[in-house]
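Q: what's the 3D shape of this:
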Amino acid sequence: MNKLISANLLRLRHSKIFWLCLAFSAGMSLLLVLMNYHYQQDGLLVTLKDNLLTFLLTHGFLIAAFCSLFIGTEYSDGTIRNKLIVGHGRIHIYMANLIVCVCASLLFCLSYLAIYIVFGSLLLGWFHEDTSFILPLMLASLTVSVSIAALCTMFAMLIANKAVMAIVNILLMLTLLFCGAYLQGQLSQPPVFNNYAYMSDSGAIVVEENVPNPHYPSGVKRQVFEFLYDFLPGAQQVQLMTMEAERPYLLIEYSLLITVAASAGGIFIFRRKDLK
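A: Predicted structure coming up:
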């Protein structure tokens with residue numbers, strides 16, 4: 001498998017999509033630092049924490065595009081079949097691609113974070129928050145990026161058509177983000193409305209206090225929503241982007257669980273896939 005990983009890393013060095021995604025992450029980081037500095041000069045209260053993890057908004061789409069094009073090229077060029085012909089096992093082929101996609105995903109994250117922290121600390125000052133608050137969130141952002149890479153690798157390895165796998169992966173990332181935003185909206189609903197005002201049939205303004213919110217999720221429904229909000233990668237992205245993750249180590253555990261499950265499931269199906 002070492003030869004497969006070395007060959008993939010060599011391909012990575014010459015991959016245009018990899019360098020484009022890396023440049024996008026670095027450019028986005030620098031742009032946000034300059035934007036925050038501009039706001040700070042205008043008198044707004046902006047700190048280094050602001051936009052620290054904003055890259056998660058676009059990261060899923062970057063890794064979806066990268067995995068689809070990087071692995072899709074192996075299908076379109078017949079490279080995977082050639083690897084099998086010369087005696088490489090399917091598990092080794094899958095794991096080699098997974099490792100390179102995970103490395104690329106982490107590099108996209110680290111390039112953003114490194115540039116943002118270095119230039120941000122020079123222009124905006126250091127974090128006002130304790131490192132015990134910041135570091136777990138940063139670590140959780142890295143692990144969720146790994147789980148996203150594992151999911152995208154799984155679909156890329158199981159779908160031979162490059163265009164189809166790209167569409168599937170991008171739609172997956174969009175769906176996960178939508179679910180995360182929906183869950184955040186549901187869980188942030190207040191249980192009651194204070195000073196609820198409405199107009200009666202007679203035209204008079206009626207003010208009532210502590211009106212129950214019919215959209216407030218409670219009981220088992222709320223427990224399910226809270227679990228999904230911590231478990232789903234898209235929901236983790238929303239929590240981390242807004243710096244509202246209260247249990248970052250739980251998010252890390254769930255991300256690692258998703259990574260293992262997606263990898264195991266992908267390998268199981270790939271070993272039985274008919275490679276034409």
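Q: just the helices in this structure please.
A: Using DSSP state H, the helices of the chain run over 2-13, 16-41, 56-76, 79-85, 90-124, 131-158, 162-187, 219-231, 233-241, 248-270.
Q: Name the stretch among those helices that sits most buried.
A: Each of the helices of the chain was scored by mean neighbour count; the highest is helix 233-241, a mean of 25, by mean count of other Cβ atoms under 10 Å. The way it works is simple: take the backbone N, C-alpha and C, and place the C-beta from them, glycine included.
Q: And the contacts of that one?
A: Contact with helix 233-241 is made by 53-54, 56-57, 59-60, 137, 140-141, 144, 147-148, 151, 173, 175-181, 183-184, 228-230, 245, 248, 251, 254-255, 258, as judged by Cβ atoms under 8 Å, 6 or more residues apart in numbering.
Q: pLDDT below threshold where in this protein?
A: In the prediction, the chain carries residues with pLDDT under 70 at positions 195-209, 276.
Q: Next one: the nearest residue to residue 169 once chain neighbours are set aside from residue 86, what distance?
A: Counting by Cβ to Cβ, 6 or more residues apart in numbering, residue 169 lies nearest to residue 64, which is 3.7 Å off, once chain neighbours are set aside. Distance, residue 64 to residue 86, using Cβ to Cβ, to the nearest Å: 30 Å.
Q: for residue 167, same thing?
A: Using Cβ to Cβ, we find residue 167 at a distance of 31 Å from residue 86.
Q: Repeat that for residue 224.
A: In this view, residue 224 and residue 86 are 48 Å apart by Cβ to Cβ.
Q: Then residue 272?
A: Distance of residue 272 to residue 86, computed by Cβ to Cβ: 21 Å.
Q: same question, residue 183
A: 47 Å.
Q: Report the spatially closest residue to residue 26, excluding sequence-adjacent ones.
A: With Cβ to Cβ, 6+ apart, the residue lying closest to residue 26 is residue 111, at 4.9 Å.
Q: my guess is the one you found meets residue 24, correct?
A: No - using Cβ atoms under 8 Å, residue 111 is not in contact with residue 24; the gap is 9.5 Å.
Q: In JSON lines: the helices of the chain, plus distance to residue 48.
A: Converted to JSON lines, the helices of the chain look like this (distance: least, Cβ to Cβ, whole Å):
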{"stretch": "helix 2-13", "distance to residue 48": "31"}
{"stretch": "helix 16-41", "distance to residue 48": "8"}
{"stretch": "helix 56-76", "distance to residue 48": "17"}
{"stretch": "helix 79-85", "distance to residue 48": "44"}
{"stretch": "helix 90-124", "distance to residue 48": "5"}
{"stretch": "helix 131-158", "distance to residue 48": "9"}
{"stretch": "helix 162-187", "distance to residue 48": "24"}
{"stretch": "helix 219-231", "distance to residue 48": "26"}
{"stretch": "helix 233-241", "distance to residue 48": "15"}
{"stretch": "helix 248-270", "distance to residue 48": "18"}
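Q: out of the ones you listed, which comes closest to residue 47?
A: Taking Cβ to Cβ, helix 90-124 is the member of the helices of the chain nearest to residue 47, at 6.4 Å.
Q: which helices and strands does that closest one pack with?
A: The contact analysis (3 or more Cβ pairs under 8 Å, 6 or more residues apart in numbering; DSSP states H and E) places helix 90-124 against helix 2-13, helix 16-41, helix 56-76, helix 79-85, helix 131-158, helix 248-270.
Q: Could you rerun that using 6 Å?
A: helix 2-13, helix 16-41, helix 56-76, helix 131-158, helix 248-270 (3 or more Cβ pairs under 6 Å, 6 or more residues apart in numbering; DSSP states H and E).
Q: now the angle from the shortest one to helix 90-124?
A: Between the direction of helix 2-13 and that of helix 90-124, the angle (axes from the mean of the first three to the mean of the last three Cα atoms, to 10 degrees) works out to 40 degrees.
Q: likewise the third one?
A: Between helix 56-76 and helix 90-124, the angle comes out at 150 degrees (the same axes, to 10 degrees).
Q: The second one too?
A: Angle between the axes of helix 16-41 and helix 90-124 is 20 degrees (criterion: the same axes, to 10 degrees).
Q: Helix 16-41 packs against which elements?
A: Packed against helix 16-41 by the contact rule (3+ Cβ pairs under 6 Å, 6+ apart) you find helix 56-76, helix 90-124.
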